[in-house]
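[1] just the structure for this:
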Amino acid sequence: MTKFENSRENPFPFLIGCLDGTHFNIPTPSEDAISYYDRKGKHSVQMQAICDSQFRFLDVFIGYPGSCHDANVWRSSPVFNGITSGRQLAPGAIILGDSAKDNPLEHIDEMAPQQHGNIEAASELETLQDPPLWSAETDDENGVDRRNYLKTLFSS
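    Residues are numbered from 1 along each chain as shown. Purely as a prediction, here's the structure:
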């Protein structure tokens with residue numbers, strides 16, 4: 001966490017790793033080829049990785065067919081299963097990743113409440129969230145302020 005916090009003027013607090021996925025192209029499989037056919041029209045295998053502040057791999061999860069959604073790969077990973085079963089990575093630790101083209105809270109109700117670990121029930125979680133960064137109801141000035149805040153936060 002300290003190395004991430006020292007790497008930026010406006011760091012993301014409690015960050016221990018960054019997660020993303022990628023596809024490795026493979027020859028067309030002789031069996032179940034359709035499962036390996038990805039959104040880019042190639043046959044591939046997915047890899048999900050978590051890296052530390054110095055771009056070193058902390059975790060690699062590989063082998064799901066290219067047609068699997070990134071969010072499904074994440075929910076099948078040992079790290080996700082460890083977190084949702086109540087094992088903590090470190091007190092307050094955060095792994096930063098994109099939403100995999102998916103609503104990050106959409107599937108939280110699928111987890112039993114006792115499996116939320118550090119996450120409260122979805123109804124309580126929603127009340128703790130900040131208002132959306134943009135909605136049709138926000139005026140232009142408020143939207144500009146929020147954009148500038150995010151620009152400052154992520155460009156330092």
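
[2] make it CA atoms for all contacts and neighbour counts henceforth
    OK.

[3] run a quick check on residue 80 versus residue 74, I expect a contact.
    Yes: taking CA atoms under 8 Å as the definition, residue 80 is a contact partner of residue 74 at 6.5 Å.

[4] okay, the two: which has more neighbours?
    Taking other CA atoms under 10 Å, residue 80 and residue 74 do not tie; residue 74 has more neighbours (19 against 13).

[5] quick one, phi psi at that one?
    phi -60, psi -50 (degrees, to the nearest 10).

[6] swap in the one 4 residues further on?
    Backbone dihedrals for residue 78, given as degrees, to the nearest 10, come out at phi -60, psi -30.

[7] identify the residues contacting it.
    By CA atoms under 8 Å, 6 or more residues apart in numbering, the contact list for residue 78 is empty.

[8] which helices and strands does the lengthiest strand in the chain pack with?
    Looking across the chain with DSSP state E, the single longest strand is strand 15-25. Contacts defined by 3 or more CA pairs under 8 Å, 6 or more residues apart in numbering; DSSP states H and E place strand 15-25 against helix 2-6, strand 44-51, strand 94-97.

[9] contact partners for the closest residue to residue 49 other than its chain neighbours?
    Spatial nearest neighbour of residue 49, chain neighbours left out: residue 60 (4.5 Å); criterion: CA to CA, 6 or more residues apart in numbering. By CA under 8 Å, 6+ apart, the contact set of residue 60 is 47, 48, 49, 50.

[10] tell me what the residue nearest to residue 59 when sequence neighbours are not counted is bridged to.
    Nearest residue to residue 59 in three dimensions, chain neighbours excluded: residue 50, at 5.1 Å (CA to CA, 6+ apart). Taking DSSP bridges as the rule, residue 50 bridges to residue 19, residue 59.

[11] count of neighbours near residue 50?
    Counted with other CA under 10 Å, residue 50 comes out at 21.

[12] ok, it touching residue 58?
    Yes: using CA under 8 Å, residue 50 makes contact with residue 58 at a distance of 5.5 Å.

[13] overlap in contacts, those two.
    The contact lists of residue 50 and residue 58 share residue 17, where a contact means CA under 8 Å, 6+ apart.

[14] low-confidence regions, the protein specifically.
    100, 102-156 (pLDDT under 70).
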